[in-house]
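> Requesting a structural model of the entry that follows:
(chains A and B)
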Protein chains: 2
Amino acid sequence: MTKLESDEFWMELALSIGQTAFHQGEVPVGAVIVKADKLIATGKNLRESSHLTAGHAEMVAIAKANDILKSSRLDGASIFVTLEPCPMCLSAIMQARFARLVFGAQDPKSGGCHGEILRLLTTQNHHKPKITSGIHAKASKKLMQEFFLLRRADQGRQNQ
Amino acid sequence: MTKLESDEFWMELALSIGQTAFHQGEVPVGAVIVKADKLIATGKNLRESSHLTAGHAEMVAIAKANDILKSSRLDGASIFVTLEPCPMCLSAIMQARFARLVFGAQDPKSGGCHGEILRLLTTQNHHKPKITSGIHAKASKKLMQEFFLLRRADQGRQNQ
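Modelled structure (predicted):
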């Protein structure tokens, strides 16, 4: 069994939350917020069902943590997310002053945590979380691929 | 009287909403979402009172518009905001596929709508709203300056 304090443990939890989004027809991304080795909040992507532009897993988890800790700042906390955050979510993560951002699979198309975007955003906002990537990346990528394969198959059937 | 269809008219409304945030002790930023010359939703900054990291005026207005139009996409709509949006809000504005972003005062420190950040974010997300800036910029800047002057004075009294 994976140790409770490990990145792998929390990412497994984020993956299982992403899996529940999958079954609800949502792009399967899960997020978990942890502080001092304690679970603070979880979030899953719910953009389709909620109609929220900001319905990404990270934003949902951050809003819950804000409410639980009664603070817009989550200093010292870590956020674990199965997919590389987009610029909206990365900027929110920086503004909340997370100590760490841990993500699974990379998102070369819409991710905001690599290259120039990351450099510019972190320069501007004066706070940069410590970033770790690739934790259970294969499992996250597989979950995403299965979702989009299934969705394309559904769309194919509808178009017949 | 300013014409109903003009940028100035909607920005005056956004400024009056920012003013209500001022009286509640919030950084005074207001936002208005308009589609086909009709008001869809308004939002004011409420980060302090709501504890939400995403409590910026734009995010509040977008969430309301999502709910009203039952869609995470706000194609064809315009958003008017008294201050240059930060990268979180700009990314949300792009993901919602706004046709236009109109803002008042610039925010050289935390704004995401100028220089390299704008270029990179808009390249990545494949959708860029038409951006107009400087509408009632002086009034917006004055409102912000008054707020921070008052807050510093309050802090000075508390430290005495």
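
> which other residues reach the lowest-mean-pLDDT helix or strand in chain A?
The least trusted helix or strand in chain A, going by mean pLDDT, DSSP states H and E, turns out to be helix A:115-125, with a mean of 72. Outside helix A:115-125, the residues within contact range by C-beta atoms under 8 Å, 6 or more residues apart in numbering or on different chains are A:87, A:90-91, A:94-95, A:112, A:128, A:131, B:87, B:109-110, B:112, B:116-117, B:120-121, B:124. For glycine as for every other residue, the C-beta is placed from the backbone atoms N, C-alpha and C.

> among these, which ones are buried?
A:87, A:90-91, A:94-95, A:112, A:128, A:131, B:87, B:110, B:112, B:117, B:120-121, B:124 (16 or more other C-beta atoms under 10 Å in any protein chain shown).

> Put the alpha carbons of the longest helix seen in chain A into PDB.
In chain A, taking DSSP state H as the definition, the longest helix is helix A:137-158. C-alpha atoms of helix A:137-158 as PDB (Å, rounded to 0.1, in the frame of the first residue of the first chain):
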ATOM      1  CA  ALA A 137       1.000  10.200 -15.400                       C
ATOM      2  CA  LYS A 138       0.400   7.000 -17.300                       C
ATOM      3  CA  ALA A 139      -2.800   6.200 -15.400                       C
ATOM      4  CA  SER A 140      -4.100   9.800 -15.900                       C
ATOM      5  CA  LYS A 141      -3.300   9.700 -19.600                       C
ATOM      6  CA  LYS A 142      -5.000   6.300 -20.000                       C
ATOM      7  CA  LEU A 143      -8.100   7.600 -18.200                       C
ATOM      8  CA  MET A 144      -8.300  10.600 -20.600                       C
ATOM      9  CA  GLN A 145      -7.700   8.500 -23.700                       C
ATOM     10  CA  GLU A 146     -10.500   6.100 -22.700                       C
ATOM     11  CA  PHE A 147     -12.800   9.000 -22.100                       C
ATOM     12  CA  PHE A 148     -12.200  10.600 -25.500                       C
ATOM     13  CA  LEU A 149     -12.300   7.200 -27.300                       C
ATOM     14  CA  LEU A 150     -15.700   6.500 -25.800                       C
ATOM     15  CA  ARG A 151     -16.900  10.000 -26.600                       C
ATOM     16  CA  ARG A 152     -15.900   9.700 -30.200                       C
ATOM     17  CA  ALA A 153     -17.500   6.300 -30.500                       C
ATOM     18  CA  ASP A 154     -20.700   7.800 -29.100                       C
ATOM     19  CA  GLN A 155     -20.600  10.700 -31.500                       C
ATOM     20  CA  GLY A 156     -20.000   8.200 -34.300                       C
ATOM     21  CA  ARG A 157     -23.100   6.200 -33.400                       C
ATOM     22  CA  GLN A 158     -25.200   9.400 -33.200                       C
END
